[in-house]
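Undergrad: Need coordinates for the following:
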Amino acid sequence: MRIPPRTPLGSVASVTDKPDRPDKPRRRLPRSVREQEILDAALQVFSKRGYRAAVVDEIAELAGISKPMVYLYLGSKEGLFIACVRRESARMVAAFREAADAGGAPEGRLWAGLAAFFRHVAEHRDSWVVLHRQAPEQGEAIAHELTAARRSVMAEVTGLISTGIADAGGQVRLGADDADFVAHALVGAADSLTDWMERHPEESPEATTARLMNVMWVGMRNVLAGEIWVPPAD
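TA: Below is the predicted model of the structure:
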């Protein structure tokens, strides 16, 4: 009978031992690309955990880099969150603007922009959770980023409504204050409807946009035609 060779002192032979494997080399990427990967990971973690419960260790692990590298690139957890808000706000504004700039009459441009906004929200839920539900509860620096993004969208919508009013003419003259009022009502309604869409996943972004346009644009057109509601007399 053949006797197997003895195991050297200080080592343990086991069928469960795994062979040593060299660590997978880290990819060398441009800084801009690496930052986007970190922000992608951060967005997922912030969306899932919330800002306060999120930890940089989890973000680093998801991004495939070390925790010190995350700090080296973006400075702090607050810096990460602000960078996420800034990037996602810019993407949301760009989606609206690019669709609205495709041309056509003001109402067609507004329709296209709103539909693009609702599609963007439906397709990027992590982004919208961070922007819509978490960011407003954070500090002044984060609120500033949200205000800047909202102001940009508001300017786009106000311009479209002002042009639509001017093109429509009508019996009733509506001015800049009216256009600003309608724009605020429209953007506020669009924000609120994103929560409604989440509860009604069967509703397409286009169908939601059509509902909103029928309430807001048709209502404004009726006002221009002289159909004005007034409170009932006491």
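
Undergrad: Check which helices and strands the longest helix along the chain sits against.
TA: For the chain, the helix with the greatest residue count under DSSP state H is helix 140-168. Secondary-structure packing of helix 140-168 (3 or more CB pairs under 8 Å, 6 or more residues apart in numbering; DSSP states H and E): helix 77-100, helix 106-123, helix 176-199, helix 205-224. Quick note: C-beta positions are derived from backbone N, CA and C, even for glycine.

Undergrad: quick one: low-confidence parts of this protein?
TA: 1-27, 29, 170-172 (pLDDT under 70).

Undergrad: Single out the most deeply packed of the helices and strands packed on helix 140-168.
TA: helix 106-123 (a mean of 21; mean count of other CB atoms under 10 Å).

Undergrad: closest one to residue 233 among the helices and strands packed on helix 140-168?
TA: Evaluated with CB to CB, those place helix 205-224 nearest to residue 233, the distance being 20.5 Å.

Undergrad: distance between the closest one and the chain's centre?
TA: Computed by CA atoms, centre = their mean, to the nearest Å, the chain-centroid distance of helix 205-224 equals 24 Å.

Undergrad: If I take it and helix 106-123, what angle do their directions form?
TA: Orientation note: helix 205-224 sits at an angle of 150 degrees relative to helix 106-123 (axes from the mean of the first three to the mean of the last three CA atoms, to 10 degrees).

Undergrad: Can you tell me what sits against helix 205-224?
TA: Contacts to helix 205-224, defined as CB atoms under 8 Å, 6 or more residues apart in numbering, come from residues 107, 110-111, 114-115, 118-119, 121-122, 161, 164-165, 168-172, 174, 182, 185-186, 189-190, 193, 196-197.

Undergrad: and the angle for it with helix 176-199?
TA: Using the same axes, to 10 degrees, helix 205-224 lies at 150 degrees relative to helix 176-199.

Undergrad: domain assignment for the protein?
TA: Domains of the chain are assigned by automatic domain parsing as 29-75, 85-224.

Undergrad: Rebuild these as a markdown table, extending it with distance to residue 230.
TA: As requested, these are exported to a markdown table (distance: least, CB to CB, whole Å):
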| stretch | distance to residue 230 |
| --- | --- |
| domain 29-75 | 45 |
| domain 85-224 | 12 |
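
Undergrad: For residue 231, which of those domains is the nearest?
TA: Of all the domains of the chain, it is domain 85-224 that lies closest to residue 231, at 15.5 Å by CB to CB.

Undergrad: Present the helices and strands packed on helix 140-168 as TSV; the columns should include distance to residue 137.
TA: Output for these, formatted as TSV (distance: least, CB to CB, whole Å):
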stretch	distance to residue 137
helix 77-100	11
helix 106-123	19
helix 176-199	15
helix 205-224	25
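
Undergrad: nearest to residue 152, of those helices?
TA: It is, among those and with distance given as CB to CB, helix 77-100, at 5.0 Å.
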